[in-house]
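> sequence unknown, structure follows:
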């Protein structure tokens, strides 16, 4: 059992993750988990926790913070008219179903499986952000409701397993389907709440009573780290929203893509080291 003192040095990392996650949540509609999960994973790893358990705590805690960050970011985009409410209503039920599936799987399967899922999706999103150029005049493609439902279940399940708000899956998907990038970002920001709330509850339940959890944990959600991150992520999400509607985004997308690629490579290296390949 870890002592409370072991978490205190991690407060700075959590604060930095909250600031960066909040800005990116507002800027790219990603909920912040794409930054918060790897930051908590690496920080908690310094305490000597089991790597598989570390990933589950990082994911669960991230989902709890996303509930509040998504509300702040989503409201900011809503005020600027950047949320497609019709798409949100169409997609919400299937995303919620996917969250339940992904949350249960994420809480029960090995943390190494979560590492593989996170690292693989992060690399795919990084390549999409770096290599694909946005269209000048995007035209949204039309699909039947079953197709939208399948996309929603996939986005919800992957996001819950990764501990992210859905933007890293939804923004590239909607952009690829021809949606205006700002509408894609705004709508994905709102989707973060649909993913974060049930996802966090499921991780609390599936991790209840687990051995080796850090102090002040409710299941796989660490309340202390969440309490540090939430005020910062919600505050800086508003700054991210302003940036999203005021500055060129190509350079920022490239930077974000490179960050994701570095994170993915590091996680694959950890997996290879555990397997004895390095």
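Here it is on my side, so go on. Source: prediction; values computed, not measured.

> Show me what counts as buried in stretch 44-60.
44, 49, 51, 52, 53, 54, 55, 56, 57, 58, 59, 60 (16 or more other C-beta atoms under 10 Å). Just so you know, the C-beta spots here come from the backbone N, C-alpha and C atoms, and that holds for glycine as well.

> Read off the pLDDT value for the fifth one.
When you say that, I think you mean residue 53. Residue 53 carries a pLDDT value of 87.

> how close does it sit to residue 107?
Residue 53 is 12 Å from residue 107, where distance means C-beta to C-beta, to the nearest Å.

> before we move on, what about the first one?
Counting by C-beta to C-beta, the gap between residue 44 and residue 107 amounts to 17 Å.

> still on that earlier bit, looking at the buried residues of stretch 44-60, spot the one nearest residue 153.
Distances from residue 153 to those, taken as C-beta to C-beta, are shortest for residue 59 (18.7 Å).

> That closest one reaches residue 114, doesn't it?
Yes - with contacts counted by C-beta atoms under 8 Å, residue 59 reaches residue 114, the gap being 6.0 Å.

> before we move on, the earlier item: which pair in the buried residues of stretch 44-60 spans the largest distance?
By the measure C-beta to C-beta, 51 and 60 form the most distant pair in these, at 15.2 Å.

> Could you list the low-confidence segments of the chain?
Low-confidence segments of the chain (pLDDT under 70): 1-3, 134-142, 176, 249, 252, 278.

> give the contact list for the residue nearest the centre of it.
Nearest to the mean C-alpha position of the chain, by C-alpha atoms, centre = their mean, lies residue 164 at 1.7 Å. Taking C-beta atoms under 8 Å, 6 or more residues apart in numbering, we find residue 164 in contact with 30, 31, 33, 34, 37, 62, 66, 195.

> For the closest residue to it other than its chain neighbours, the count of nearby residues, please.
Nearest non-adjacent residue to residue 164, counting by C-beta to C-beta, 6 or more residues apart in numbering: residue 33, 3.5 Å away. Number of residues near residue 33 (other C-beta atoms under 10 Å) recorded here: 36.

> Does residue 33 touch residue 60 like I think?
No - here residue 33 does not reach residue 60: they are 10.7 Å apart, not a contact under C-beta under 8 Å.

> Name all residues that sit in contact with those two at the same time.
Joint contacts of residue 33 and residue 60 (C-beta under 8 Å, 6+ apart) are residue 163.

> How far off centre is the lengthiest helix in the chain?
Ranked by residue count under DSSP state H, the longest helix found in the chain is helix 51-79. Put simply, helix 51-79 sits 6 Å off its chain's centre (C-alpha atoms, centre = their mean, to the nearest Å).
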